[in-house]
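Trainee: Return a 3D structure for these sequence lines:
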Amino acid sequence: MRVNAFVDDRDSSAGGVENICGVVVTVLPQHLAEVQKNLSRWPGVEVVAAEHSKLVLTVEDTAAQSAERTLARLGDGEHVQAVSLIYHHFDSNLEKEVTP
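Mentor: Numbers count the residues shown, from 1 in each chain. Predicted coordinates:
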């Protein structure tokens with residue numbers, strides 16, 4: 001899946017915005033450890049689990065790059081066969097406090 005067409009130039013990493021994605025990345029099984037090590041170095045990416053040919057990641061906005069841009073780059077990685085977005089949380093109302 002190519003996400004690039006859906007990503008615009010808005011910087012969702014601006015203050016008051018929470019953007020968290022849960023992602024499953026399918027890789028060639030013989031390269032699982034290599035891809036896991038590589039992705040764990042990416043800002044905003046945390047490898048939560050790895051088994052057989054699947055990596056489970058959380059992807060968050062960073063000051064330098066939005067989660068959407070990171071997702072777009074995941075599919076271009078060497079040995080990556082598929083990227084599936086399985087969860088997305090976006091909240092732009094973090095600064096508003098609810099008062100009774």
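Trainee: Could you report the neighbour count for the nearest residue to C21 once chain neighbours are set aside?
Mentor: Distances taken as CB to CB, 6 or more residues apart in numbering place V59 nearest to C21, at 4.4 Å, with adjacent residues excluded. C-betas here are computed from N, CA, C, even on glycine. Under the neighbour criterion other CB atoms under 10 Å, V59 is assigned a count of 25.
Trainee: so what's V59 bridging to?
Mentor: C21, V45 (DSSP bridges).
Trainee: check contacts around it.
Mentor: V59 sits next to 20-21, 23, 44-45, 67, 70-71, 74 when contact means CB atoms under 8 Å, 6 or more residues apart in numbering.
Trainee: any idea how far P29 is from it?
Mentor: 22 Å (CB to CB, to the nearest Å).
Trainee: So for the protein, the centremost residue is which one?
Mentor: Nearest to the mean C-alpha position of the chain, by CA atoms, centre = their mean, lies V59 at 2.9 Å.
Trainee: ok, it to S53 distance?
Mentor: Counting by CB to CB - V59 and S53 are separated by 19 Å.
Trainee: Can you name every helix or strand that the longest strand along the chain contacts?
Mentor: Longest strand in the chain by number of residues (criterion: DSSP state E): strand 80-91. In terms of contacts (3 or more CB pairs under 8 Å, 6 or more residues apart in numbering; DSSP states H and E), strand 80-91 is packed against strand 18-27, helix 67-74.
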